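> need the 3D shape of this:
(one chain, ligands or ions: 1)
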Amino acid sequence: MRPAGEETAIPEARLSLWLAEALGPAFEPAPQLEGRHRADVCIVGGGYTGLWTAIRLKETDPSLEVALVEARTCGSGASGRNGGFVLSWWSKFATLTKLFGTEEALRLASASADAVAQIGAFCHENGIDASYRRAGWLWAAVNAAQLGAWRSTVDAADRAGIRPFEEVSAERAAAMAGSPVHVGGVWEASGATVHPVRLALGLRGVAERLGVRIFERSPMSSLSTDGGPEVRTPRGSVGAERVVLATNAWAVRFPEIRRRILVVGSDLVATERIPERIQASGWTSGVCVSDSRLLVHYYRTTEDGRIAFGKGGGALGFGGSVGARFDGTSPRRAIVESAFRSTYPRLADVRVESSWTGPIDRSRSGLPEFGHLGARPDVVYGVGFSGNGVGPSHVAGRILASLALEREDQWSRCGLVDVPAGTFPTEPFRFVGGLVVRTAIGRKERAEDEGRPPGRISSRLARLAPAGLTPTR
Ligand SMILES: Cc1cc2nc3c(=O)[nH]c(=O)nc-3n(C[C@H](O)[C@H](O)[C@H](O)COP(=O)(O)OP(=O)(O)OC[C@H]3O[C@@H](n4cnc5c(N)ncnc54)[C@H](O)[C@@H]3O)c2cc1C
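Numbering: from 1, shown residues only. Next up is the predicted model:
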């Protein structure tokens, strides 16, 4: 447990370009939690997962007393630092089928695609200016080795009789993404993009209007489970019938959850404003793009004419805390910038203006997991979004609300609930093992970029990595 108050020590404005833009001087944090409070449900964590859960609870039963306790300000975690890709689980369809069978896979993947549409509708209905734009997602290859990374997923969908992906030629992929390095891909129509922080703050506003009591700058210092659960912060507490843990990577403080997820950094850079250059490149549809490496590159254009370019597989967490290495400017800025430059060689003269980093909660399967902490019916959690949480957190809100209300429905009974315990090793093996595997993946992917066959050992070790968007091969 880190010292109380540490979560609030970093100025929010430093955490990402999106936060810097959205949290102007007029921004007023919600009050801190002081004194003793009671609620029907207390949610810990004010990212999308916590906020969607709060909204869902109040929509289901407006009389519920819902409190939300956030360490810093809502959206200061991954929800305020992500790339703003709003994606479905169609890219995980092969894994979903393998884990839960075709019927449940279809149900979950369809629900996730519906969620992308519902987020747009929700923003529209509630006047949230989150720059929601639905132009689909391009799952691309940028070298010969990446071609066909999507094959097992597309084939699984074919077998189930659905076609969420459209194959695109090298020429079309290059035209869509505005750079000739793209040599093929599949396009998935349901994907959208948002301004991540404006979405988070919009949800916070709706939650407040629905009567959710939000406490910010109030890190949970302990969760007491003697008797009914009680969330304690340095200055107060909330005793509740039910507690929902929506703290993403920070949930590794609980040993039970630590076995389920690895904390891995993801890093982003944003260019200066270059709307004319983007226009000239042909990348005008607003499609967001991921390549097919495990240390994924993901990139998009922004409403104000920048390119935001990210790379997965950054810093590795150690033990039960996330730590300051996952905050602020990116320690891997040079690596991410170089990846941007090799993906967009024609933009060699464009300045990178900012960089930032944040933690990803990677599960073994690349899908989130929901459950009851210590098998208690009154403490529920959801973790493991694995870098695809903007859209799926909407589904998570439904699942967690149903679990908190002990409802027997399609959400509480879905395959992602009460998945058998994870298999990640304990420290120091997980950290050291993580470093070895990450180095091997880096070597393998460098060789593939250079058109060389990767070494056998690197390829074998790379297979030990948890799945990302692209299945481990
Ligand atoms: C750099 C980066 C890029 C990403 N890009 C994408 C993308 O383009 N598309 C996509 O789908 N996903 C992306 N993701 C993942 C996505 O952002 C997350 O899956 C999603 O935001 C998860 O939401 P959440 O509410 O579960 O977590 P968070 O937004 O992290 O919320 C958890 C909250 O819990 C709070 N908290 C932690 N500890 C405590 C405590 N003790 N007490 C109280 N509160 C606490 C934190 O401050 C935080 O606000 C990215 C993530 C990162 C880091």
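
> wait, doesn't Phe340 sit right on Arg306?
No. Contact criterion Cβ atoms under 8 Å: Phe340 and Arg306 do not qualify, at 11.4 Å. Backbone N, C-alpha and C define where each C-beta goes, glycine included.

> what touches both of these two?
Thr271 (Cβ atoms under 8 Å, 6 or more residues apart in numbering).

> now do the contacts for the residue in the stretch 301-450 of the chain positioned nearest to the ligand.
For the stretch 301-450 of the chain and the ligand, the shortest gap (Cβ to the nearest ligand atom) falls at Gly389, measuring 1.9 Å. By Cβ under 8 Å, 6+ apart, Gly389 lies in contact with 48-49, 78-79, 82, 248, 368, 396.

> so which of those residues is the closest to Thr102?
Checking the contacts of Gly389 against Thr102 by Cβ to Cβ gives Pro368 as the nearest, at 20.1 Å.

> quick one: that closest one from Glu59, how far?
Pro368 sits 21 Å away from Glu59, going by Cβ to Cβ, to the nearest Å.

> cool, Asp129 as well?
Applying Cβ to Cβ, the value for Asp129 to Glu59 is 21 Å.

> the longest helix that the chain contains near the ligand anywhere?
The helix that spans the most residues within the chain, counting by DSSP state H, is helix 102-125. No. Helix 102-125 is not in contact with the ligand by Cβ under 6 Å from any ligand atom; minimum separation 9.9 Å.

> show me what residue of the stretch 1-150 of the chain gets nearest to the ligand.
When scored by Cβ to the nearest ligand atom, the stretch 1-150 of the chain has Gly47 as its residue closest to the ligand, at 2.1 Å.

> give me the neighbour count for that residue.
By other Cβ atoms under 10 Å, the residues close to Gly47 number 28.

> state the three-state secondary structure for the residue lying closest to it once chain neighbours are set aside.
Spatial nearest neighbour of Gly47, chain neighbours left out: Ser79 (3.6 Å); criterion: Cβ to Cβ, 6 or more residues apart in numbering. Classification of Ser79 by DSSP: H, G, I helix; E, B strand; the rest coil places it in helix.

> the residue of the stretch 301-450 of the chain closest to the ligand belongs to a helix?
No. Per three-state DSSP, Gly389 lies outside any helix segment and is coil.

> what residues are up against Phe370?
By Cβ under 8 Å, 6+ apart, the residues touching Phe370 are 380-382, 396, 399-400, 403, 416-418.

> and the pLDDT at Ala20?
For Ala20, the model assigns a pLDDT of 83.

> ditto for Pro62
Looking at Pro62, its pLDDT is 98.

> tell me, how many residues neighbour it?
By other Cβ under 10 Å, the residues close to Pro62 number 10.

> tell me which helix or strand it sits in.
Under the criterion DSSP states H and E, no helix or strand holds Pro62.

> for it, what are its contacts?
210-211.

> over to Asp267?
Neighbouring residues of Asp267 by Cβ under 8 Å, 6+ apart: 310-311, 314, 330-333, 335-336, 355-357.

> give me the subset of the residues you listed touching the ligand.
Okay, of these touching the ligand (Cβ under 6 Å from any ligand atom), that's Gly310.

> possible to save the contacts of Asp267 as a markdown table with distance to Thr153 and secondary structure?
Listed next are these as a markdown table, based on distance: Cβ to Cβ, whole Å; DSSP: H, G, I helix; E, B strand; the rest coil:
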| residue | distance to Thr153 | secondary structure |
| --- | --- | --- |
| Gly310 | 21 | strand |
| Lys311 | 22 | strand |
| Gly314 | 25 | coil |
| Ser330 | 30 | coil |
| Pro331 | 32 | coil |
| Arg332 | 28 | coil |
| Arg333 | 32 | helix |
| Ile335 | 28 | helix |
| Val336 | 26 | helix |
| Ser355 | 31 | strand |
| Trp356 | 30 | strand |
| Thr357 | 28 | strand |
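
> most neighbours of all the contacts of Asp267, which one?
Counting neighbours by other Cβ under 10 Å, Gly310 leads the contacts of Asp267 with 30 neighbours.

> bridge partners for that one, pull those for me.
On the basis of DSSP bridges, Gly310 is bridged to Leu268, Tyr298.

> so what's it up against?
83, 266-269, 296-299, 336.

> picking that back up, surely the residue nearest to Gly47 meets His195?
No. Taking contacts as Cβ under 8 Å, Ser79 lies outside contact range of His195: 11.5 Å.

> of the two, who's got more company?
Set side by side, Ser79 and His195 show more neighbours around Ser79, with 28 against 22, by other Cβ under 10 Å.

> Ser63 - how many residues pack around it?
Neighbours of Ser63 (other Cβ under 10 Å): 7.

> how near is it to Ala240?
From Ser63 over to Ala240 the distance is 15 Å, taken as Cβ to Cβ.

> repeat for Arg333
As judged by Cβ to Cβ, Arg333 and Ala240 stand 41 Å apart.

> and for Ile399?
Applying Cβ to Cβ, the value for Ile399 to Ala240 is 18 Å.

> compare those two (neighbour count), which wins?
Legend: neighbour count by other Cβ under 10 Å for Ile399 and Ala240, higher for Ile399 (27 against 24).

> mind telling me what element that one is part of?
Using DSSP H and E, Ile399 maps to helix 392-404.

> same question, Phe340
Using DSSP H and E, Phe340 falls within helix 333-343.

> can you show me the strands along the stretch 1-150 of the chain?
All strands of the stretch 1-150 of the chain, identified by DSSP state E, counting those that start in this stretch, fall at 35-44, 66-69, 85-86, 137-141.

> and Glu28, which of the ones you listed is closest to it?
strand 66-69 (16.0 Å).

> pretty sure Ala160 is touching Thr102, no?
Yes. Using Cβ under 8 Å, Ala160 makes contact with Thr102 at a distance of 5.1 Å.

> do stretch 132-148 and the ligand come into contact?
No. Judged by Cβ under 6 Å from any ligand atom, stretch 132-148 makes no contact with the ligand; its nearest approach is 9.7 Å.

> distance from the chain centre to that stretch, please.
A distance of 18 Å separates the centroid of the chain from that of stretch 132-148, by Cα atoms, centre = their mean, to the nearest Å.

> go on, stretch 331-345?
Distance, stretch centre to chain centre, for stretch 331-345: 21 Å (Cα atoms, centre = their mean).

> and that stretch, what's its mean pLDDT?
In the prediction, stretch 331-345 has an average pLDDT of 97.

> which residues does that stretch contact?
142, 178-179, 181, 265, 267-269, 271, 281, 291, 297, 299, 307, 309-311, 314-315, 325, 330, 347-348, 350, 352, 355, 357, 449.

> helices of the stretch 251-400 of the chain, start to end?
255-258, 275-281, 333-343, 392-404 (DSSP state H, counting those that start in this stretch).
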